[in-house]
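S.K.: Predicted model and sequence follow; I will ask about them next.
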Amino acid sequence: MSKLGDRPAGTPRRKFFPGMERNCPRCDEPMIVTESMCRSRSYTCAPCMVKYVSEYIDRNREKKREWNRAYSKRNSHKMAAKTRAYRNRNPEKKKAWQDVQTALRNGTLKREPCEVCGKEKAHAHHDDYTKTLDVIWLCHQHHMARHDNLAALESETDND
């Protein structure tokens, strides 16, 4: 055994361990240390981390865009393969999306604002993919919330 105790040589000493309670260094609110905090050695609560990342992106918008472009260029073949595989596994969804795009192009269907908040930029949401043009227009935030609600309802019916 070395002078380091149970730690192998070169391993830094940990100050905090998963499950420990400590205060966030940014807001001084109590929080529980997680495994990912220990791995990254970033002991900041989730709300403070979200705020920090948002501010960083705002300050470095062009740098972030450039990074995203480079990432997309490096991984475009992987993303295309995943998209192709998803569409092959879900032909009814693919047909519904295609029918909506065709209807928007030929004027049969008109894009509308979000039915919840009124935002102009809205997605077409299908509650039933067999009714391809029966859509609800929702902004991204409300669209994701709708899917979360549907998933929760589905899991409740599976548990019954």
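M.R.: Structure's in. What do you need?
S.K.: There's contact between C117 and A145 in this structure, I believe.
M.R.: No. Between C117 and A145 no contact is recorded; they are 10.8 Å apart, counting by CB atoms under 8 Å. From N, CA and C alone the C-beta is placed, and that goes for glycine too.
S.K.: center of this structure - which residue?
M.R.: With distances taken as CA atoms, centre = their mean, M144 lies nearest the centre of the chain, 9.5 Å away.
S.K.: Just the CA trace of the helix or strand that contains that one, in PDB.
M.R.: Per DSSP states H and E, M144 falls inside helix 140-159. Below are the C-alpha coordinates for helix 140-159, written out as PDB (Å, rounded to 0.1, in the frame of the first residue of the first chain):
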ATOM      1  CA  HIS A 140     -42.300  22.700 -29.900                       C
ATOM      2  CA  GLN A 141     -42.800  23.100 -26.100                       C
ATOM      3  CA  HIS A 142     -46.400  22.100 -26.100                       C
ATOM      4  CA  HIS A 143     -45.800  19.300 -28.700                       C
ATOM      5  CA  MET A 144     -43.200  17.700 -26.400                       C
ATOM      6  CA  ALA A 145     -45.500  18.100 -23.400                       C
ATOM      7  CA  ARG A 146     -48.300  16.400 -25.400                       C
ATOM      8  CA  HIS A 147     -46.000  13.500 -26.100                       C
ATOM      9  CA  ASP A 148     -45.000  13.300 -22.500                       C
ATOM     10  CA  ASN A 149     -48.700  13.200 -21.400                       C
ATOM     11  CA  LEU A 150     -49.500  10.600 -24.000                       C
ATOM     12  CA  ALA A 151     -46.600   8.400 -22.900                       C
ATOM     13  CA  ALA A 152     -47.700   8.800 -19.200                       C
ATOM     14  CA  LEU A 153     -51.300   7.700 -20.100                       C
ATOM     15  CA  GLU A 154     -49.900   4.800 -22.100                       C
ATOM     16  CA  SER A 155     -47.800   3.600 -19.200                       C
ATOM     17  CA  GLU A 156     -50.800   3.900 -16.800                       C
ATOM     18  CA  THR A 157     -52.900   1.700 -19.100                       C
ATOM     19  CA  ASP A 158     -50.100  -0.800 -19.400                       C
ATOM     20  CA  ASN A 159     -49.800  -1.000 -15.600                       C
END
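S.K.: buried set for that helix?
M.R.: Residues of helix 140-159 classed as buried under the neighbour-count rule (16 or more other CB atoms under 10 Å) are 142-143, 146.
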